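Student: Build me a structure from this.
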Amino acid sequence: AGLTTADNPLKVVVLVDGHTGYEAFGHVQLGEPMSRNYAFAAPVWVIEPQEGDTAEDQVRVLGRGTAFESQLSWQIYRLKGPRDTGEGTLAKGGTVSISAPTGQDGEFEFTQQLGRGSYRVFVYAEDTSGGSQDRQNPDSKVFTIR
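Tutor: Presented below is the predicted three-dimensional model:
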């Protein structure tokens, strides 16, 4: 959640049932300090809002991503309620720039005023091949405005 970067990786120790020494996937020994391999980072990652967050009258969307021409698309859908698993009704949409050159990982941030209710935000890359209208590498979070 923005606590670490590729230039300053943190190390963690993974415990299973509070103990070291677990062999995950039949060959990965857990219990020693490990750091993230940024080569395997998700192409789009919404950090805020977190799933289930509540805000007053606007949502701040913050995340990391990699995209063609350093730009991602976003859509906010109004839901029937916070447990609505559908997509809902499109409330707002747009694009947001990434703070990095094309093809490199960078941060994005935008804020939107919304009425009271439950919403789902999608952030994704556009299909630049022209062959599909699908969201590429989407991440989404449900949040509530009160």
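Student: Secondary structure class of the residue of the chain positioned farthest from its centre, three-state.
Tutor: For the chain, the largest distance from the centre (Cα atoms, centre = their mean) belongs to residue 21, which lies 31.1 Å off. Here residue 21 is recorded as coil under DSSP: H, G, I helix; E, B strand; the rest coil.
Student: so what pLDDT did the residue nearest to it when sequence neighbours are not counted get?
Tutor: Spatial nearest neighbour of residue 21, chain neighbours left out: residue 31 (5.1 Å); criterion: Cβ to Cβ, 6 or more residues apart in numbering. All C-beta atoms are positioned from the backbone trio N, CA, C, and that covers glycine. Residue 31 carries a pLDDT value of 89.
Student: Could you verify that residue 31 is part of a helix?
Tutor: No - using three-state DSSP, the assignment for residue 31 is coil, not a helix.
Student: I would like the residues contacting the lowest-mean-pLDDT helix or strand in the chain, please.
Tutor: Each helix and strand of the chain was given a mean pLDDT (mean pLDDT, DSSP states H and E); the minimum falls on strand 34-35 at a mean of 84. Contacts of strand 34-35 with the rest of the structure, by Cβ atoms under 8 Å, 6 or more residues apart in numbering, involve 9, 10, 11, 12, 13, 14.
Student: List the pairing partners of the next helix or strand after it within its sheet, with orientation.
Tutor: Remark: after strand 34-35, the chain's next helix or strand is strand 44-48, criterion DSSP states H and E. In the sheet, strand 44-48 lines up against strand 58-65 (antiparallel) (DSSP bridges).
Student: Can you point out the buried residues in the partner strand?
Tutor: Neighbour counts using 16 or more other Cβ atoms under 10 Å place 59, 61, 62, 63, 64, 65 of strand 58-65 among the buried residues.
Student: Inside strands: which ones of the contacts of strand 34-35?
Tutor: Among the contacts of strand 34-35, DSSP state E puts 11, 12 in strands.
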